[in-house]
Each structure stands twice: as C-alpha cells, then as structure tokens.
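J.: Quick check, what structure comes out for this input:
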Amino acid sequence: MENCIEIAKRTFSIEAASIQNLTNTIGDDFKNAVKIMQNCKEHVAVSGMGKSGLIGKKIAATLASTGTPSFFMHPAEAAHGDFGMLKKDDVLIAISYSGETEEILRIVPLVTRMRVPIIAITGNPHSTLAKAATAHLDVSVKQEACPLQLAPTSSTAATLAMGDALAMAIMELDNFTPRDFAFRHPGGSLGKRLLTQVKDAMDSRYLPIVPPEMTLKKVISIMNTGMKGIAVVTKDDKIQGVITDGDLRRTIDKFNGSSLEKSAAEVMTKNPVTIDENCMLTEAEELMHQNKIITIPVVSNAHNKRLVGIVQHHVI
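T.: Next up, the predicted model:
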C-alpha cells in the first residue's frame, strides 16, 4: 500500500509540470482569445467530446460564474439539432486534445459559415481544428500521468488550467467584483454575506442604551439584561460612546470598589466604530477585523448617529 503514496506523488508531479509548462507556450494567441471573448456580444459556447467535454462543462460553468455568459454545447447533439443553441454573435471554444475529433470537426464548417469566432484548445498546433480556429491555445503535454499513456490526465489538467486562465484574465480586465460574484452565487454562504444588508442581520430588540450620567453599577445591570456584551452611551438621541465587557474589567481592576459609582461618560470609549444599517454585512465583518472587535452599534445613517441596532460577529 505504501506504493500508492508514491504513485499519487508522481501523478501530482507530472500534472503540475504539465500545467507549469503552459507558461512557456502562452503568447499572442492567448491575448487574442481574451480579446475575442471580451468583445463577444452574446454567449461563449464551449464544446468537447468525452473527457474534453467534461472539462468543457467546468470551463463553461467557471466563465458563467465569473461574469462571462457561457453554456456547454455537446458536439454530437449539435449535429442533431442542438446547433440551434449557437447565435451569430456568440463565440465557440472547441476542445480536442488531438485536434481531430470527428464530432467537433463536423460542426466547424457550420460555425465558420456563421462567422462565429472559434477558440481552439488542442495539444496539436498543426491539427485540423487548430488551423481552422480564429485563435489556438496549445495545451500539449510531454506525458500523461497514466502509466499506460492512455487515460487523459495531464492533458485534461492542462486544459482545465487554460480555461481557468481565460476566465481569470477576463474577470480581472472587466473589474469583476465580489458583489458581482455574489449575484451569481446567491445560495452560497459568500453570496449570503455579500448580498445581506446590516439591517437584515442586526439585533434591534432591547437596545442597551444608557445616558452619560448613569452609574456603572446600573450600566452593568442593563448590559446583563441585553446580553450583547456592550452598552451604548447616548445623549440627545446620538451615540456618545460605548462600554464593552473589556472596558468594565479594566475599570474595575483599576479603581476596585469605587468604580461602580463612576458614570458611563467616565468609562466609555468615545467615538466608537459604528456602521450604517444600509451597509452590506461584509463591510461590518471588515470593520470588526480591522478594529479587533466583535460587536458594532448600527446607526440609521452615518450622519445622525441614531442607534437602531447591534450587529455581532456570530451572525456574519
């Protein structure tokens, strides 16, 4: 069984080297491919047979989720009606390691007739598909990880990496933002955080509001009732400061018994971090990280500083 580990390591090494080698083959054709995709008015269709088709589905999914409308078109099904999925303002990414896959070559003349640009991803720059393409991306590998040199392994890894490179290039050039990503992933945890406003996650029940003159003894009672680990000192409906559990511990440690008679104004942290209720939850998370805090008072807007809720780290 120990041999299994060595086989796995060898597989990783071979596939990693194949991907790394792409940095030596990439050039103007890659720039051309990116430009073609950026200028695409409709969708980027991706097509491939067998393992290339499976990789193509992943490439199409990655493109779609990173801002480039995309879909997968099975080349065999395209010859039996699915070719109608393709429009004249689309772009086709055709994947065939040999560059001679019959099902792919069968639809190439139709694609050319429509004047749809073809980006070919092959391991043979001299193949029929490569020569017919508007841009060719070379993913040739020195060897497959398969000991029989039969199962596509290194070649599919290189093809997938090339697809990722295209998606990442377009993503950055088009200034694709985390918020854009969230709109395409509303069901995920990232999407939830990026699309949720602070007011949707804040706790507005029993806000621990205390006046500046209140004694620390009474402040502690209010903090215990609110169970939010914070008291917000307000005057004329505006936040003056906050008192946290840490502030309490430091004050009691410094003044011992006399500390309980001190006023909230004497103990509070002035000009505390606050956040507008209309901000996104991720902004609250960033503020917590920057200021090393776990609770932030939420205000109705950044100007009037009227407390409307509390947002805590555990809800993010």
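
J.: all helices for the stretch 151-300 of the chain, in order.
T.: With DSSP state H, counting those that start in this stretch as the criterion, the stretch 151-300 of the chain has helices at 154-173, 178-183, 189-195, 198-201, 216-226, 245-255, 264-267, 281-291.

J.: State the mean pLDDT of the third one.
T.: So the one you mean is helix 189-195. Across helix 189-195, pLDDT averages out at 69.

J.: Phi, psi for Val108 please.
T.: phi -60, psi -50 (degrees, to the nearest 10).

J.: what about the nearest residue to it once chain neighbours are set aside, how many residues close to it?
T.: With sequence-adjacent residues excluded and distances taken as C-beta to C-beta, 6 or more residues apart in numbering, Val108 is closest to Ala132, at 5.2 Å. The C-beta positions use only the backbone N, C-alpha and C, and glycine is treated the same way. Under the neighbour criterion other C-beta atoms under 10 Å, Ala132 is assigned a count of 18.

J.: Ala132 contacts Ile118, correct?
T.: Yes. Ala132 is within contact range of Ile118, at 6.5 Å (criterion: C-beta atoms under 8 Å).

J.: Common neighbours of those two, please.
T.: Both Ala132 and Ile118 are in contact with Val108, Thr112, where contact means C-beta atoms under 8 Å, 6 or more residues apart in numbering.

J.: Now find how far off-centre stretch 266-283 is within its chain.
T.: When C-alpha coordinates are averaged (C-alpha atoms, centre = their mean, to the nearest Å), stretch 266-283 and its chain have centres 26 Å apart.

J.: ditto for stretch 238-256
T.: 39 Å.

J.: If you count neighbours, what's buried in it?
T.: Ile239, Gln240, Gly241, Val242, Ile243, Thr244, Asp247, Leu248, Thr251, Ile252 (16 or more other C-beta atoms under 10 Å).

J.: ok, for the last one, nearest residue in space, not its chain neighbours?
T.: Spatially, and ignoring its direct neighbours in sequence, Ile252 is nearest to Ser259 (4.9 Å; C-beta to C-beta, 6+ apart).

J.: Can you give me every residue that contacts that neighbour?
T.: When contacts are taken as C-beta under 8 Å, 6+ apart, Ser259 is in contact with Leu216, Thr251, Ile252, Val267.

J.: mind putting those residues in CSV, pLDDT and distance to Pro152 included?
T.: Listed next are those as CSV, based on pLDDT from 0 to 100; distance: C-beta to C-beta, whole Å:
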residue, pLDDT, distance to Pro152
Leu216, 88, 71
Thr251, 83, 68
Ile252, 81, 68
Val267, 87, 68
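
J.: quick one: which of these is nearest to His43?
T.: The closest of the contacts of Ser259 to His43 turns out to be Val267 (C-beta to C-beta; 61.2 Å).

J.: who are the neighbours in contact with Ile93?
T.: Applying C-beta under 8 Å, 6+ apart, the residues contacting Ile93 are Val44, Ala45, Val46, Ser47, Gly56, Ile59, Ile118, Ile119, Ala120, Ile121, Gly163.

J.: Dig out what the first one forms beta bridges with.
T.: With DSSP bridges applied, the residues forming beta bridges to Val44 are Ser70, Val91.

J.: thinking again about what came up before, and the buried residues of stretch 238-256 as a markdown table, adding distance to Pro125?
T.: As requested, those are exported to a markdown table (distance: C-beta to C-beta, whole Å):
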| residue | distance to Pro125 |
| --- | --- |
| Ile239 | 66 |
| Gln240 | 71 |
| Gly241 | 69 |
| Val242 | 65 |
| Ile243 | 70 |
| Thr244 | 65 |
| Asp247 | 69 |
| Leu248 | 71 |
| Thr251 | 74 |
| Ile252 | 76 |
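
J.: Now do the contacts for Asp247.
T.: Val267, Met268, Thr269.
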